[in-house]
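**Q** Sharing a model prediction with you, sequence too.
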Amino acid sequence: MSQVQAETRHAFKLKALSAEGIEAAISKAEQYRLLNQPKLAESICLDVLEIDKANHKAKVILLLALTDQFGQSFSAAAKHANDLAKSLHDEYSRVYYTGIIRERMGTATLNSGNPGSNFDAYEWYIEAMELFEKAETLSPPSNNDAILRWNTCARTIMQYDLKERPFENFPPLE
């Protein structure tokens, strides 16, 4: 029986990357995200973070790869992405990437087609826009990323005519 066959009956012991290969691995993770293969990017980032737990770039790519999967595994991926955002090294990154998480939650919700999803998506986009406004105040003048994301959320709200949930239509609880 081969080593691989024996290990399929048990949990695998993952192989560690070399510290010298971290930059190349991060580059591959970026490429897999661009190829719409977020699970591969996620796996690579997890490998990098096993070696370098504070690697900011690996955390950001992992966070984005998780948000790429929101349509498939919303709650687990969202929790992990939020935890990663909280661990980023500066306030701008924490706020900006939390905004991206909210924006992508809005997009996944809007695309779900579930009843009432348009109201939920609106709430996610508004929360994202608030975070992007805060990130804008924390960014250097040459960094327009938060403005670009804010505008994307605003255009999406306008394009789909998203609105706040109308609470006045519900009968009072007695």
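**A** Great, that's in hand.

**Q** Buried ones in stretch 90-107, by neighbour count?
**A** 92-107 (16 or more other Cβ atoms under 10 Å). Using the backbone N, CA and C atoms, a C-beta is placed for each residue, glycine as well.

**Q** For the most centrally placed residue in the chain, which residues are in contact?
**A** The chain has residue 67 as the residue nearest its centroid, 3.1 Å off, counting by Cα atoms, centre = their mean. Taking Cβ atoms under 8 Å, 6 or more residues apart in numbering as the contact definition, residue 67 lies against 77-78, 81, 100-101, 104-105.

**Q** Mind checking which of these are in helices?
**A** 77-78, 81, 100-101, 104-105 (DSSP state H).

**Q** so which pair among these is furthest apart in space?
**A** Across the ones in helices among the contacts of residue 67, the longest distance by Cβ to Cβ is 13.0 Å; it joins 77 and 100.

**Q** And the helices in the chain?
**A** 3-7, 22-34, 38-51, 56-68, 74-87, 91-112, 117-138, 145-159.

**Q** Report the distance from stretch 29-47 to the chain centre.
**A** Averaging C-alpha positions (Cα atoms, centre = their mean, to the nearest Å) puts stretch 29-47 13 Å from its chain's average.

**Q** which residues touch residue 95?
**A** 131, 134-135, 138.

**Q** Let me see the contact set for the spatially closest residue to the residue nearest to the centre of the chain that is not a sequence neighbour.
**A** Among residues not flanking residue 67 along the chain, residue 104 sits closest, at 4.1 Å (Cβ to Cβ, 6 or more residues apart in numbering). By Cβ under 8 Å, 6+ apart, the contact set of residue 104 is 67-68, 70.

**Q** from the contacts of residue 67, which is closest to residue 25?
**A** residue 81 (19.9 Å).

**Q** mind checking how far the closest one is from residue 115?
**A** 26 Å (Cβ to Cβ, to the nearest Å).

**Q** swap in residue 101?
**A** For residue 101, the distance to residue 115 - Cβ to Cβ - is 24 Å.

**Q** same deal with residue 105?
**A** In terms of Cβ to Cβ, residue 105 sits 17 Å off from residue 115.

**Q** Pretty sure residue 128 sits against residue 102.
**A** Yes - contact between residue 128 and residue 102 holds when scored by Cβ atoms under 8 Å: they sit 3.7 Å apart.
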